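Novice: sequence first, predicted model second:
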Amino acid sequence: MSTVTSSGTAVVTLPADNQILITREFDAPARLVWKAWTTPELIKRWWAGERGEVTSVEVDLRVGGRWRHVMVADGGFEVAFHGEYREIVEHERIVSTEVFEGMAGAHSLNTLTLTERDGRTTLTVLAEYPSKEVRDGHIESGMEGGMQESLDKLEQVAASLG
Amino acid sequence: MARAATTADAFNAVAEPRRRQILDLLADGEKPVNDLVSVLGLAQPLVSKHLRVLREVGLVEVRDSGRQRVYRLNARPLKDIHDWVSGYRRWWSERFDRMDVVLAELKESEDGDEHGDE
């Protein structure tokens, strides 16, 4: 009998100005996380989260193959994403593009990584945008650049404000 | 979309790594500009320029102390950034919580079938 112990523990950070990194651990081997991530019938059950129902899932899991997921949000509107698979290492890694349909320029290159340890799997998704402008709609390139610094500390300060 | 001015908001201000470094330093307590200059190892005018940007979006405040200008952090404008990041976290957390349920069932069905479906 498995117990879900990791509810709500996804961590989101901004490692660089054009990146978003999502990290989450699962109480399951990488093989099963992979299966949940790539099998259409299973994707339908989790991909919309609590926001609505998944109405269509297409997965052509091969390099150059396309994927497309559509959900109807609780507000009644459709939200669709699609992309192309660039790299696939079974149970370990998927590099794919992701386009948010209906918003020009809203696209990223996503790297999914699965790392298994003691039967548990750490999943990370690194989303890289062509620019910070695309990432969050705000601009300003760093003059000095080079260093990657997360906003975690700032976030903690902000969070402490309630 | 027109390019927003550098100083439009906190997002723009903290896009610059040195400005984030300044905020990190000020998070430990207020500091005179000279301290910032020596820790950062940058030319004083460059530090002042970053401080001006941070001031314009309200992320730092300044007071005169004798002959020194002392800067301190005002984190309130960071709330916009925090909220933005939190939106992503909620979205992914909800998805992953559902994945937990799917994974628990996959594990159970494997346990129930010794040979699994490998």
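Specialist: That came through fine. Numbering: from 1, shown residues only, chains lettered A, B, ... in the order given.
Novice: can you pull the contacts of the residue in chain B that chain A sits nearest to?
Specialist: Nearest to chain A, among the residues of chain B, is residue B:94, at 3.1 Å (Cβ to the nearest Cβ). Where C-beta positions appear, they are placed from N, C-alpha and C, glycine not excepted. Taking Cβ atoms under 8 Å, 6 or more residues apart in numbering or on different chains, we find residue B:94 in contact with A:49, A:50, A:51.
Novice: now render those as CSV, adding distance to residue B:51 and pLDDT.
Specialist: Shown next, in CSV, are the contacts of residue B:94 (distance: Cβ to Cβ, whole Å; pLDDT from 0 to 100):
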residue, distance to residue B:51, pLDDT
A:49, 41, 83
A:50, 43, 80
A:51, 41, 76
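Novice: could you say which helix or strand contains residue 83?
Specialist: As the question left the chain open, I've gone with chain A. strand A:78-89 (DSSP states H and E).
Novice: that was the other one, I meant chain B.
Specialist: Counting by DSSP H and E, residue B:83 is part of helix B:78-112.
Novice: where does the chain dip in pLDDT?
Specialist: Using chain A. A:1-8, A:103-105, A:136-162 (pLDDT under 70).
Novice: not what I meant, chain B
Specialist: B:1-7, B:113-118.
Novice: can you count the residues close to residue 35?
Specialist: All of this refers to chain A. 17 (other Cβ atoms under 10 Å in any protein chain shown).
Novice: wrong one, I was asking about chain B
Specialist: 14.
Novice: how close does it sit to residue A:75?
Specialist: Separation of residue B:35 from residue A:75 (Cβ to Cβ, to the nearest Å): 51 Å.
Novice: tell me the buried residues in the helix holding residue B:83?
Specialist: B:78-79, B:81-82, B:84-86, B:88-100, B:102-104, B:106-107, B:110 (16 or more other Cβ atoms under 10 Å in any protein chain shown).
Novice: got it, and stretch A:89-109?
Specialist: A:94, A:95, A:96, A:98, A:99, A:107, A:108, A:109.
Novice: now do the contacts for the first one.
Specialist: If I follow you right, that is residue A:94. A:37, A:38, A:85, A:87, A:88, A:110, A:111, A:112.
Novice: try 10 Å this time
Specialist: Contact analysis of residue A:94 by Cβ atoms under 10 Å, 6 or more residues apart in numbering or on different chains lists A:34, A:37-38, A:61, A:67, A:85-88, A:110-114, A:125.
Novice: what of the fourth one?
Specialist: By Cβ under 10 Å, 6+ apart, the contact list for residue A:98 reads A:67, A:69, A:81-84, A:106-110, A:125, A:127, A:129.
Novice: secondary structure element holding it?
Specialist: strand A:93-100.
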